[in-house]
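> Predicted model and sequence below, questions to follow.
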Amino acid sequence: MSPVFAIVALLVVPLAAGLAAIFLPRQPRGADAVLTTAAALTFAAALALLAATRNGEVHVLLVGGWPGGPGIVLVADTLAILMLAVCNFVALCTAVHGWHGLPARYRLGRAHAFTAFLLFGVNGAFLAGDLFNLYVWFEVLLLSSFALMGLVPGAEGRAATIRYVVLNLIASLLFLAAAGLIYAKTGTLNLADLTLRLRASPDGPQIASSAVLLFGAFAIKAAVFPFSIWLPASYPRLPIAISALFAALLTKVGVYALLRCFGMVFPAADTGLLPWIAGFAGLTMLCGVLGAASRGRIRDILSFHIISQIGYMIVGVALLGKAALAAAIFYVVHHIVVKTNLFLIAGQIEKLGGSDRLDRLGGLAKRAPWLGVLFLIPALSLAGIPPLSGFWAKFSLIRASLDAGAVALAVVALVTGILTLFSMAKIWSGAFWKEIPDPAPAFRFRASSLAPIIAMAAVTVALGLWAQPLFTLAETAAAQLAEPAAYIRAVLGDPPPP
C-alpha cells in the first residue's frame, strides 16, 4: 500500500463506515461488522504508513494539488503515524470487544455512526498540516463525542453532557482566537511555514498571547488540571466500550496538539510558558492520582487516573529537548494501550460481579483467576512496575527531568507512581481478593470480549520486554519535532534557511 493511498484510506474508510452505519440502527450485527471492518482497515493503513516511515521519512498529500502554503496539507511524519497506529489499534480492539453489548438507546441513537465519525476526526487531526484544519478536525471529533454523550440517560447524564460540551466549546473558541491572532501576525497557518517564520522572528506580543490561548485550548481538551473537571463526570457514565475509546483517543489528541505546537512550531522558551506548563504538569499528576485514591468505583478511579497520567505526558512539553519529547511520546503510546485495556477489563469485572463499586465486589480471584492476571498486567504497568511498558515510560521521563534539573517534577512523578500503585492495589483488594459480599450473578464470558483484552496485555508485556524499537521511533519523532527541517522540506519543497 502506497503512503498516499494509506493516508486517503485513514480518512475515507471511517467516513464511509459512518455514513453506512447511519442506515443500520435496527441491524446491530451489520453495524458491528461495518465498524469492526473499518477499524481493521484503518489499522492496516496505519501499519503500512509506519512501515514506510521506519527511516524517518515524511509523507505529504497536497489535497486538490494546491501548493503547501495556501492549500490543505495532510502530513504523516513519525509522530503522527505512531499516534495513528496505536489509536486505530485500540479502536479495533474496542470494536471487537464491546459493540454487541450496547444498550438499545445507543444503537437506535446511531452510536456506531458517531463512533466512526469520531475515528474520522481523530485520524484527520493527526494528519492535519495547518492550524485551521487541525481546528476543523477537532470539531469533527468533538461533535461526534457530543452526540455520544447526549445519549447518556438521566439527570446526572444531562448535567455531565452539558459540562462536557460547554468546556470543550470554550476550548474551541480559544483555539479559533489563537489561530486568528497567529494569522494576523504571520499571514499563514500552515505548520511548516509557521515554524519557519517563527524561528526566524519569534518575538511579539501576538505570538506570546497566541501561545497562551493555544495552551489553554489544548489543556482543556487534554484534561490538564484544573481544566479537567469534565472528564471524571462524563466518562464513567458511558457504555464501557465507548468509555474505553474516549479514554484512549480524546485527551490524547489534545496531548498530540501540545507536542506538535510547542515541540515544533513555537519557540516555547521565548513565550515564557515553560515554567507554567511544568507547574500544570505537576498539579495534574498529583490532583488526578489523589482523586483516584479517594474513589470507590472502578470507573471513577480509572477516569481520574487518565488525568494523572496526562500530567506525565506534558512533562515532555515543559522540558522540551529530544530526550524529554521522546519519553513523552513513548508514554502516550504506552498509556493508550494500558488505559483502554483497563476500561475493558472493568467492564468484565462489572458483568461478572454485578457492579463496579468496590464495596459490592469480591472473590473474583477465585471465580476468574485468569481475569485477575489480565487485570494485573495493565494495572502494574500503569503504576510503573518493571519490566512492563509503564516502567520504561516513567523511568525515561524521570531521567529526562533529572537531566534538565527539574528535580521537583521527578519527585512528583515518583510520588504519583506510588499512589497509582495504591489505587490499583485497592481495586485488586476490593474486587479480586476479599470474600464475595453477596451472591454474584451468573455470567458467561464471550471470546470476542476477551480476545482484545489478551491482545492489549500482550502488547503491554512486549513493549516492556522489547522497548527499544518503540523508543527508537519515539526518538525519531522527537528529533523531527526539535529539528523540523525534513518536515518543512517535505511540505514546502524548499530547503530551510541556514
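The structure has been received and is ready for your questions.

> buried ones in stretch 20-40?
20-21, 24-25, 28, 31-36, 38-40 (16 or more other CB atoms under 10 Å). All C-beta spots, glycine's among them, are computed from the backbone N, C-alpha and C.

> Nearest to residue 223 among these?
residue 39 (24.1 Å; CB to CB).

> so which helix or strand takes in residue 133?
helix 131-149 (DSSP states H and E).

> which helices and strands sit right next to whatever helix or strand comes next after that helix?
Downstream of helix 131-149, the next assigned helix or strand under DSSP H and E is helix 154-186. Here helix 154-186 is seen to pack against helix 131-149, helix 191-200, helix 205-222, helix 230-234 when contacts are counted using 3 or more CB pairs under 8 Å, 6 or more residues apart in numbering; DSSP states H and E.

> Now do helix 154-186 against helix 205-222, angle only.
Relative orientation of helix 154-186 versus helix 205-222 (axes from the mean of the first three to the mean of the last three CA atoms, to 10 degrees): 160 degrees.

> what angle separates helix 154-186 from helix 131-149?
180 degrees.

> And helix 154-186, how far out from the chain middle?
Distance of helix 154-186 from its chain centroid, counting by CA atoms, centre = their mean, to the nearest Å, is 18 Å.

> I'd like the mean pLDDT over it, please.
What helix 154-186 shows for mean pLDDT is 85.

> now swap in stretch 284-292 and tell me
Averaged over stretch 284-292, pLDDT sits at 91.

> Residue numbering should commence at 56 henceforth.
Renumbered: residue one is now 56, and that last one reads stretch 339-347.

> Now do the buried residues in that stretch.
339-344, 346-347.

> I'd like the next helix or strand past the helix or strand bottoming out on mean pLDDT in the chain.
Lowest mean confidence among the helices and strands of the chain (mean pLDDT, DSSP states H and E): helix 159-163, at a mean of 67. Later in the chain than helix 159-163, the nearest helix or strand by DSSP H and E is helix 166-182.

> And that next one, what does it pack against?
In terms of contacts (3+ CB pairs under 8 Å, 6+ apart), helix 166-182 is packed against helix 58-77, helix 83-107, strand 128-131, helix 133-153, helix 186-204, helix 295-315.

> what packs against the third one?
Applying 3+ CB pairs under 8 Å, 6+ apart, one finds that strand 128-131 makes contact with helix 58-77, strand 114-117, helix 166-182, helix 246-255, helix 540-547.

> wait, which of these is closest to residue 330?
helix 246-255 (20.1 Å).

> Show residues contacting that closest one.
123-124, 128, 130, 183-186, 237, 241, 243, 262, 315, 319-322, 539, 542-543, 545-547, 551-552 (CB atoms under 8 Å, 6 or more residues apart in numbering).

> just stretch 462-469 next, same as before
By CB under 8 Å, 6+ apart, the list of residues contacting stretch 462-469 reads 333, 336-337, 340-341, 366-367, 370, 373-374, 449, 452-453, 456-457.

> Tabulate the CA atom coordinates of it in CSV.
Only the C-alpha atoms of stretch 462-469 are listed here, as CSV (Å, rounded to 0.1, in the frame of the first residue of the first chain):
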residue,chain,number,x,y,z
VAL,A,462,14.0,17.7,40.5
ALA,A,463,10.6,18.7,41.8
LEU,A,464,8.9,17.2,38.7
ALA,A,465,10.8,14.0,39.2
VAL,A,466,9.8,13.7,42.8
VAL,A,467,6.1,14.4,42.0
ALA,A,468,6.3,11.7,39.3
LEU,A,469,7.7,9.2,41.8
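
> That one: which residues count as buried?
Quick answer for stretch 462-469 (16+ other CB under 10 Å): 464-465, 467-468.

> mind listing which of the residues you listed are in strands?
Nothing among these maps onto strands, per DSSP state E.
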